[in-house]
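Novice: Structure for this input, please:
(chains A and B)
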Amino acid sequence: MLESDRKVVRQALSAALAQAQAKGDLPVFPPPDFVVETPKEKSHGDLATNLALVSSGPSGLPPRQIATALVRYLERQPEIQQLVGRIEVAGPGFINFFFREGWLSRLFRAIEAEGDRFGCARAERPRRVLLEYVSANPVGPMVVVNARAAAVGDCLANLLSAIGHQVEREYYVNDAGRQAELFARSLNARYLQLAGREAPFPEEGYPGEYVTELAAEFLRSHPELVEMEESERVAFFKEKGVDRMVELQQQELARFGVHFDRWYRERDLHRAGKVEEALELLRQNGALYENEGATWFASTRWGDDKDRVVVKSDGEYTYMAADIAYHRDKYERGYDWVIDIWGPDHHGYIGRMRAAVAALGYDPDTFQVIILQLVTLLRGGQPVRMSKRAGEFITLDELLAEVGKDAARFFFLMRSPSAHLDFDLDLAREQSEQNPVYYVQYAHARIASLFRQAEAAGVTRPKASQVAVDLLTAPEETELARKLAAFPDEVRLAAERQEPHRLTHYAMEVASLYHSFYAHHRILGTEPGLEAARLYLSHATQVVLRNCLRLLGVGAPERM
RNA sequence: GCGCCCGUAGCUCAGCUGGACAGAGCGUUUGGCUACGAACCAAAAGGCCGGGGGUUCGAGUCCCUCCGGGCGCACCA
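Specialist: The predicted structure follows:
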């Protein structure tokens, strides 16, 4: 049901309860939390509520008795009389609402009026959100787990925007740490080797082929580096080599349809003195102390398990020092909701970062971490073993070449972020016609084809206000329409709970209901009123599918 | 040892913050194209929701406990 209709019912219920209590038909108790939802079972009406059930405890009355009293007051309300044809008390004490046909007309008109915006909403309290995700070290190509983070983060950003928040997407580039140093030295070694010099490869360096390719690129563009001082050359690679890697990562993600508003460089954080600043602020807040030559952050005072070192005894900052400064900077830039997507190997990090946010004087509840579980690629039913350190892994580009952008994104978004994902490459590639993504896209393309056919026959889609919705009475028609009406709700739920996978499931349900409708009912060439109504239902389905796929970042093809 | 995630159909997973008979995709079996796309539809088989306690009118969902799997617990990033 449309959210606006649901709101009407919810308010009517609250009013009915208050009136029944005022008149003494029900004892006085504080209004409980209750839900107004679309029942799974269609014989239970268009909307149902558990108000009477949850009132049983506080009132001491049997649920059905409460429900009966509430219904008496509901039926007197003009808003309900207009909207609802029948109200029943069912099961243990549910109140079920059966809507008049007018709701379908309202759905069509809403879709006509809102078009591409159908499903979106204005937030009651819009927030400035900074969503940070992927943030892989700039030392190699995107790997599969980064791709999942990219898909999830991108979709989440779309969702939060859709419910009215102001969202910015950010990628944190760790270009100042040990990994960047190792990468530079690996690049340096390959460069010298290609130039015909003796050069030992660093012990924990990056052995991947891409490093050699990048070295070759530098040898062509900067042959003079051979004569440069070793430390100077490494510094050059740490700067330019990393920059080039970041560029390659940007291009790779762009091919996946993922774009960031900002690539935030850790390097800049250090150069602008923001790490010192942040630590100074912590010091002023009494959050730092010295012990055994190191500087510690007393994070336990803000709920962490143990205190953390921020400046090592050798004078170097820890990774965390920079990260504290980075998160402070996010707040300084004015965001009031900071969301990070991290891998499961970082979950032990949440407590200390939360503590840091609090110690800096910000509300830790505005800081949220989504832990995204890992991906296992399956080939021939067997996991594909990967090791970044050994230089053996499947890159995002390789995945795209194998299964395509739409299938990859859809697969990544099919599971809850907190669940491990098994990605079956054989299924995604060799049996691509079996993929859920094609099933959904097919429904969209099929509707596009229908309208091409209609156009050739000189039939045009009517205005929503002209559709005789009472002609849509078959179960395949009403069930489809009910599902379409739930779209704004689905978007809101997926956004509020940060669960993009709801959308892929919803899309499959809509596609399934449409295919069933299509198989059971002739559209073109039926009696004109019916033809128009079914065309409009098809149009509405297409709008919802397109909007849903756009939120997912998956294409909605006209032909396939 | 402590913390987090996960145990639901043969496989991979949903399950609307506690609701009305437990769902989907893949796989298996069977049927359906001389009108709009068969990348589709229809039907069937398949489950003590890991085990055991508890809270509740009501538990796959919340609490306790045990079992099994994954990942964390650095002056690494």
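Novice: looking at it, A:Pro436 is touching A:Met508, isn't it?
Specialist: Yes: in terms of CB atoms under 8 Å, A:Pro436 counts as a neighbour of A:Met508; the distance is 5.4 Å. Where C-beta positions appear, they are placed from N, C-alpha and C, glycine not excepted.
Novice: Quickly find the element holding A:Arg148.
Specialist: Assigned by DSSP states H and E, A:Arg148 belongs to helix A:144-162.
Novice: Determine if any part of that helix is in contact with RNA strand B.
Specialist: No: using CB under 7 Å from any atom of the strand, helix A:144-162 stays clear of RNA strand B, with a minimum separation of 11.6 Å.
Novice: Tell me how far that helix lies from the chain's centre.
Specialist: 5 Å (CA atoms, centre = their mean, to the nearest Å).
Novice: Just list what that helix packs against, helices and strands only.
Specialist: strand A:128-132, strand A:166-173, strand A:337-342, strand A:375-379, helix A:396-403, helix A:405-412, helix A:487-496, helix A:528-552 (3 or more CB pairs under 8 Å, 6 or more residues apart in numbering; DSSP states H and E).
Novice: Just the buried residues of that helix, please?
Specialist: Going by neighbour count (16 or more other CB atoms under 10 Å), the buried part of helix A:144-162 is A:144-162.
Novice: repeat for stretch A:299-318
Specialist: Of all the residues in stretch A:299-318, those buried under the rule 16+ other CB under 10 Å are A:299, A:302, A:304, A:307-311, A:317-318.
Novice: and that stretch, how far apart are its ends?
Specialist: With CA to CA, to the nearest Å as the measure, stretch A:299-318 spans 15 Å from end to end.
Novice: got a list of contacts for it?
Specialist: A:275, A:279, A:282, A:287-288, A:292-298, A:320-321, A:324, A:351-352, A:354-356, A:358-359, A:364 (CB atoms under 8 Å, 6 or more residues apart in numbering).
Novice: just the buried members of those?
Specialist: Neighbour counting over these (16+ other CB under 10 Å) leaves A:275, A:279, A:282, A:287-288, A:295-298, A:320-321, A:324, A:351-352, A:354-356, A:358-359, A:364 as the buried ones.
Novice: Which ones among those also lie next to RNA strand B?
Specialist: Filtering the buried ones among the contacts of stretch A:299-318 for proximity to RNA strand B by CB under 7 Å from any atom of the strand leaves A:Met320.
Novice: mean confidence for the helix holding A:Arg148?
Specialist: Helix A:144-162 shows a mean pLDDT of 94.
Novice: Can you give me the distance of A:His501 to RNA strand B?
Specialist: 6 Å (CB to the nearest atom of the strand, to the nearest Å).
Novice: can I assume that residue is in contact with A:Phe412?
Specialist: No: in this structure, A:His501 is not within contact of A:Phe412 by CB under 8 Å, at 9.3 Å.
Novice: Specify which residue of the two has the higher count of neighbours.
Specialist: A:Phe412 (30 against 19; other CB atoms under 10 Å).
Novice: sec struct for A:Ala355, please.
Specialist: helix (DSSP: H, G, I helix; E, B strand; the rest coil).
Novice: Where does the prediction get shaky in the stretch 401-550 of chain A?
Specialist: A:430-433 (pLDDT under 70).
Novice: got a list of what the residue of it found nearest RNA strand B touches?
Specialist: For the stretch 401-550 of chain A and RNA strand B, the shortest gap (CB to the nearest atom of the strand) falls at A:Ser449, measuring 2.7 Å. Contact partners of A:Ser449, counting by CB under 8 Å, 6+ apart, are A:Arg559.
Novice: Mind listing residues that contact stretch A:171-181?
Specialist: Residues contacting stretch A:171-181 (CB under 8 Å, 6+ apart): A:132-135, A:137-139, A:238, A:242, A:246, A:260, A:262-267, A:269-270, A:319, A:322, A:326.
Novice: do stretch A:18-27 as well
Specialist: Residues contacting stretch A:18-27 (CB under 8 Å, 6+ apart): A:17, A:28-29, A:31, A:55, A:59-61, A:66, A:69-70, A:72-73.
Novice: Restricted to buried residues, select those in ChimeraX.
Specialist: Per 16+ other CB under 10 Å, the buried members of those correspond to this ChimeraX selection:
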select /A:17,55,59,61,66,69,70,73
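Novice: Can you lay out the contacts of stretch A:18-27 as CSV showing secondary structure and distance to A:Leu427?
Specialist: Below are the contacts of stretch A:18-27 laid out as CSV (DSSP: H, G, I helix; E, B strand; the rest coil; distance: CB to CB, whole Å):
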residue, secondary structure, distance to A:Leu427
A:Leu17, helix, 51
A:Val28, coil, 59
A:Phe29, coil, 54
A:Pro31, coil, 50
A:Ser55, helix, 49
A:Ser59, helix, 53
A:Gly60, coil, 55
A:Leu61, coil, 54
A:Ile66, helix, 51
A:Ala69, helix, 54
A:Leu70, helix, 50
A:Arg72, helix, 56
A:Tyr73, helix, 54
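Novice: can you narrow the contacts of stretch A:18-27 to ones near RNA strand B?
Specialist: Near RNA strand B, by the rule CB under 7 Å from any atom of the strand, you find none of the contacts of stretch A:18-27.
Novice: Tell me the one of the contacts of stretch A:18-27 nearest A:Leu552?
Specialist: Nearest to A:Leu552 among these: A:Pro31, at 37.6 Å, using CB to CB.
Novice: Show me the shaky parts of the stretch 251-400 of chain A.
Specialist: Ranges of the stretch 251-400 of chain A meeting pLDDT under 70: A:386-392.
Novice: mind checking how far the nearest residue to A:Glu101 once chain neighbours are set aside is from A:Val459?
Specialist: Spatial nearest neighbour of A:Glu101, excluding adjacent residues (CB to CB, 6 or more residues apart in numbering): A:Asp470 at 5.1 Å. Per CB to CB, to the nearest Å, A:Asp470 is found 21 Å from A:Val459.
Novice: For A:His501, give me its contacts.
Specialist: A:413-417, A:494.
Novice: Buried subset of those as a ChimeraX selection?
Specialist: Command for ChimeraX that selects the buried part of those, burial taken from 16+ other CB under 10 Å:
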select /A:413,414,415,417,494
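Novice: could you pick out which of the contacts of A:His501 are near RNA strand B?
Specialist: A:414-416.
Novice: For A:Val403, state which of these is nearest.
Specialist: A:Met414 (13.2 Å).
Novice: Which secondary structure state does that closest one sit in?
Specialist: Classified using three-state DSSP, A:Met414 is coil.
Novice: quick one: the nearest residue to it once chain neighbours are set aside from A:Arg169, how far?
Specialist: With sequence-adjacent residues excluded and distances taken as CB to CB, 6+ apart, A:Met414 is closest to A:Thr504, at 4.9 Å. Here A:Thr504 is placed at a distance of 20 Å from A:Arg169 (CB to CB).
Novice: In terms of packing, which of the two has more residues around it?
Specialist: A:Thr504 (25 against 21).
Novice: and the stretch 351-500 of chain A, which residues reach RNA strand B?
Specialist: Counting by CB under 7 Å from any atom of the strand, the stretch 351-500 of chain A sits next to RNA strand B at A:371, A:373-374, A:414-416, A:418-422, A:427, A:431-434, A:436, A:438-439, A:442, A:445-446, A:448-450, A:453, A:493, A:497, A:499.
Novice: How about the stretch 51-200 of chain A?
Specialist: Going by CB under 7 Å from any atom of the strand, the residues of the stretch 51-200 of chain A near RNA strand B are A:53-54, A:56-57, A:63, A:90-94, A:96, A:137, A:174, A:177-179.
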